[in-house]
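In: 3D, please:
(one chain, ligands or ions: 1)
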Amino acid sequence: MHWHILGAGAIGLLWAAKLQKAGHQVTLILRTPEKLAQYIDTGHFQISHDANTERFVAEAELANSDTPISHLLLTTKSFAVTDAFRSVKQRLTENARVLLLHNGMGPQQQLTEEHPQLEIWAGSTTDGAYFDHPFSLIRAGIGETHIGRLSACGSDLLFQELQGVDDQLHHTADIETVLWRKLAINCAINPLTALFNCRNGELLKYDDRRAAMAQICKEVDDVTRALGITLFERKLMEEAWDVAELTGSNHSSMQQDVSHKRPTEIETITGYLCGVADQANIATPANHLVLDAIRGFDAR
Ligand code: KPL
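Out: All right, here's what the predicted structure looks like:
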């Protein structure tokens, strides 16, 4: 299959490598002529893991190229998804498949509603990598990826066609619940680590941070229970505690965005939760508080 990857960040390049290794053709769609020139100049991208570095040579182009797209993997930041999709929409073939792999919720549901004729998949991943140089990634850890079809149209064949791409890739018939689980964990950890400017594990070390986390988790539990979504078998706070402990030395993505003065994904994480809660008339004051505080950073 020929995959076009829109969003050449860490997850995009990680997937470009996985797809290429499994025999798929890969084209990177880069954001600006400068980025494309930089890639052409480098001639490849590379991924280092432990002592090994692998190089990959993939085609690259801009969104305004005119070759048709049959398989689109979209891995931009969640706030950029809608515009990124729009920039290539006219290139999609009639039976195109779109796989959205980004944090948060909202864009997946919006695109699926707006394009009922498209086969749209969404995924959630715990895979991790970061850049040490442009087009050079360090693989931080091997995580799992769950994908499932969101659109009514299409079939589940895509998952079979992705066999061999990643042995930690799983199919789910209920991707909405998978996305909610990731969203819930992100609501519990990301805004607080950004506000306290701390590592994930440092949320657990102080009474006030633990209390804030517990209140946020309780509200998320209230919302999901009201929607009939089973998040975890135990309370979200217990699950989030384990994730914060396991990823204790990590800086969350939102903490990194705030400390580098980049826009955050708050609107598709806590913003999505609060939007759903407000519509259902469920009070989420602690989540609203952190939403407003992070919005303050974003506005700056
Ligand atoms: O997904 C994450 C993120 O940083 O966005 C967590 C689970 C909080 C790990 O850092």
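In: every contact and neighbour count from this point should use C-alpha atoms.
Out: Noted.
In: OK, contacts around the closest residue to the ligand within the chain?
Out: In the chain, the residue that lies nearest the ligand is Ser252 (3.2 Å; C-alpha to the nearest ligand atom). Shown in contact with Ser252 (C-alpha atoms under 8 Å, 6 or more residues apart in numbering): Ile189, Asn190, Thr193, Ala194, Arg199, Asn200.
In: let's see that with 6 Å instead.
Out: For Ser252, the contact set (C-alpha atoms under 6 Å, 6 or more residues apart in numbering) comprises Asn190.
In: for Glu54, same thing?
Out: Here Glu54 is in contact with Gln46, Ile47 (C-alpha under 6 Å, 6+ apart).
In: I'd assumed it was in a strand, is it?
Out: Yes. Assigned with DSSP: H, G, I helix; E, B strand; the rest coil, Glu54 falls within a strand.
In: for Gly141, see how far away it is.
Out: The spacing between Glu54 and Gly141, counted by C-alpha to C-alpha, to the nearest Å, is 16 Å.
In: thinking again about what came up before, what pLDDT does the residue of the chain closest to the ligand get?
Out: As predicted, Ser252 sits at a pLDDT of 95.
In: now swap in Arg300 and tell me
Out: Looking at Arg300, its pLDDT is 86.
In: dihedrals phi and psi, the residue nearest the centre of the chain?
Out: A centroid search over the chain (C-alpha atoms, centre = their mean) returns His102, at 2.1 Å, as the residue closest to the centre. Taking degrees, to the nearest 10, you get phi -150, psi 170 for the backbone angles of His102.
In: same question, Val26
Out: Dihedral angles (degrees, to the nearest 10) for Val26: phi -130, psi 130.
In: secondary structure element holding the residue nearest to it when sequence neighbours are not counted?
Out: What sits nearest to Val26 in space, not counting adjacent residues and going by C-alpha to C-alpha, 6 or more residues apart in numbering, is Trp3, at 5.0 Å. In the assignment (DSSP states H and E), Trp3 maps to strand 2-6.
In: note down every partner strand of that strand and its orientation.
Out: The sheet places strand 2-6 alongside strand 25-30 (parallel), strand 69-74 (parallel), with pairing taken from DSSP bridges.
In: next SSE after the last one?
Out: For strand 69-74, the succeeding helix or strand toward the C-terminus, using DSSP H and E, is helix 81-88.
In: enumerate the residues of this protein near the ligand.
Out: Within reach of the ligand by C-alpha under 6 Å from any ligand atom, the chain has these residues: Asn186, Ile189, Asn190, Asn250, His251, Ser252, Ser253.
In: check the secondary structure at Thr93 for me.
Out: strand.
In: roughly how far does it sit from Ile29?
Out: 16 Å.
In: let me have the residues of the chain next to the ligand in JSON lines, extended by secondary structure.
Out: Formatted as JSON lines, the residues of the chain next to the ligand follow (three-state DSSP):
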{"residue": "Asn186", "secondary structure": "helix"}
{"residue": "Ile189", "secondary structure": "helix"}
{"residue": "Asn190", "secondary structure": "helix"}
{"residue": "Asn250", "secondary structure": "coil"}
{"residue": "His251", "secondary structure": "coil"}
{"residue": "Ser252", "secondary structure": "coil"}
{"residue": "Ser253", "secondary structure": "helix"}
